[in-house]
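Chemist: sharing a sequence plus its predicted fold:
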There are 2 protein chains.
Amino acid sequence: MSGTGKRRSQKERSAETSTRLMNATIDLLHDRGLARTTTPEIARQAGVSRGALTHHFTTREAIISVSVADMLSQTTRDLHRFAEDFIARGGSSDEIVDYIWQMMDDRLFYVTMEYLPEARHNPDFRAELIPTVRDFHAGLDAIWTALAARTGVDPDHTRIVMNATMCLVRGMISQTVLRPNDPAYYQEMLAFWKQQVRQQFPIEAASSQESRRKAGTR
Amino acid sequence: MSGTGKRRSQKERSAETSTRLMNATIDLLHDRGLARTTTPEIARQAGVSRGALTHHFTTREAIISVSVADMLSQTTRDLHRFAEDFIARGGSSDEIVDYIWQMMDDRLFYVTMEYLPEARHNPDFRAELIPTVRDFHAGLDAIWTALAARTGVDPDHTRIVMNATMCLVRGMISQTVLRPNDPAYYQEMLAFWKQQVRQQFPIEAASSQESRRKAGTR
DNA sequence: CATAAGAAACATGCTTGACTGTTTGCAAAA
DNA sequence: TTTTGCAAACAGTCAAGCATGTTTCTTATG
């Protein structure tokens, strides 16, 4: 289907199929929900047979937790890149809030909301996810620490404020499901929060007019 | 009315069975999750037959959405009682944050996390829930408005701060699933937020004695 | 370097189990 | 006696896991 490269190594074949399956899994989690993310659906979405899926992943639980781990590590990488750039050019704290919102609103927390309940009730599944999530949080902490170093704010305080921002945004995203068509609700809340965060980083750089991230709100 | 009375009217029988079924539904949503909240399980938990369930509720979706509506209206009543008492005696803003946390942590948001994903993917189910949730939000707004009147703070601002508190707590609760054994994380965050909220209600507790006299109801 | 043996990747069909919605049967209340 | 509340059996659907069959690549050897 792809590059007409006729002869691919086993590793290449295998890796591509795995990737297709994991991407399909995340797509389905986001678009149709965990309950509808069945192994036949995943295989169909990935364009491979169900046998291929069972060959690569022993159980439904396995492909889901592996796919989630993949998604989270990708998110960590993206966030790390953003942080490096942000620190290098000296952005405003508003930008961070916007970035976090964007990141969560662009599938991350919607996918999270799909597997969290299952993790709560299924000890094996939860046990598989906890290390993954711990890594994610460690990545976040590293970024907050770097941010603190740049702004000169106490690292512990920075961590608390940024983690609170993450939690606020999680709660806001969860609201979008049953509170649609109320953009003011989200707009006002984000504006309020940005102001609060600004007060925590008083020294705020005198630069960065050019940074224009879209503050996507519904 | 209940218990040893052999002869119960149809209405009483019917109402009790309905209530048992709705309570069982919420219990199961909380304890075992939406996917495991099957109609046979609900009937078993309620101690009635599956036929009784289908007699009272036409479909699985129906009993779930009705049960959720019941839970939310009960929560609204409880919160309203708290607010009346709070306003009457003049409490601290810290108390409100604590109450919201307690309320969410005591099943409310765990149950919410169960049905939110389904609502996101199932338009009919979502359509049934949206009015219910709108009522809940209206109830909250009324309480925030009363609170604003008591503290003399701008009602719009109060609403934003309180809604943000709700969202923050929602996000925190969602974290508890895969971030257990980290009490400091939640403790610090709540402490930080209480301090922020305190700053939004600066006049705090100036008039706790006289406002008790004024609002002498209850 | 040509090729055959074997391993890895993939495909298909079957079995079991569970759930939902429906229908039919029956006893207690009106 | 009629209706209401409940119970039990039934039919249709579908996913998960497994077992067996087929293709694609790898490699060792003559």
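Modeler: Ah, there it is.
Chemist: burial of whichever residue of chain A sits closest to DNA strand D, as a residue count?
Modeler: Nearest residue of chain A to DNA strand D (CB to the nearest atom of the strand) works out as A:Ser9 at 2.9 Å. (C-beta placed from N, C-alpha, C; glycine too.) Each residue near A:Ser9 was counted by other CB atoms under 10 Å in any protein chain shown, and the total is 8.
Chemist: angles on the backbone of it, please.
Modeler: phi -70, psi 160 (degrees, to the nearest 10).
Chemist: give me the three-state assignment for A:Val48.
Modeler: For A:Val48, the secondary structure call by DSSP: H, G, I helix; E, B strand; the rest coil comes out as coil.
Chemist: check contacts around it.
Modeler: Contacts for A:Val48 (CB atoms under 8 Å, 6 or more residues apart in numbering or on different chains) come out as A:17, A:20-21.
Chemist: how close does the residue of chain A found nearest DNA strand C get to A:Leu21?
Modeler: Using CB to the nearest atom of the strand, the single residue of chain A nearest to DNA strand C is A:Gly51, 2.0 Å away. Applying CB to CB, to the nearest Å, the value for A:Gly51 to A:Leu21 is 12 Å.
Chemist: before we move on, what about A:Asp156?
Modeler: Taken as CB to CB, the span from A:Asp156 to A:Leu21 is 41 Å.
Chemist: now do the contacts for the most centrally placed residue in chain A.
Modeler: When CA atoms, centre = their mean is applied to chain A, the residue found nearest the centroid is A:Leu108 (3.7 Å). Listed by CB under 8 Å, 6+ apart, the contact set of A:Leu108 reads A:71, A:75.
Chemist: out of A:Asp156 and A:Leu21, which sits in the more crowded spot?
Modeler: Per other CB under 10 Å, whichever of A:Asp156 and A:Leu21 has more neighbours is A:Leu21, with 23 against 12.
Chemist: what comes into contact with whatever helix or strand the more buried one lives in?
Modeler: Assessed by DSSP states H and E, A:Leu21 sits inside helix A:10-32. With contact meaning CB under 8 Å, 6+ apart, helix A:10-32 is reached by A:2, A:8, A:36-37, A:41-43, A:45-48, A:52-53, A:56-57, A:63-64, A:66-68, A:70-71, A:107, A:110-111, A:114-115, B:121.
Chemist: for that helix, buried residues please.
Modeler: A:17-18, A:20-30, A:32 (16 or more other CB atoms under 10 Å in any protein chain shown).
Chemist: cool, and stretch A:122-131?
Modeler: For stretch A:122-131, a neighbour-count test (16+ other CB under 10 Å) marks A:122, A:125-126, A:128-130 as buried.
Chemist: and those, which of them are in helices?
Modeler: Among those, DSSP state H puts A:125-126, A:128-130 in helices.
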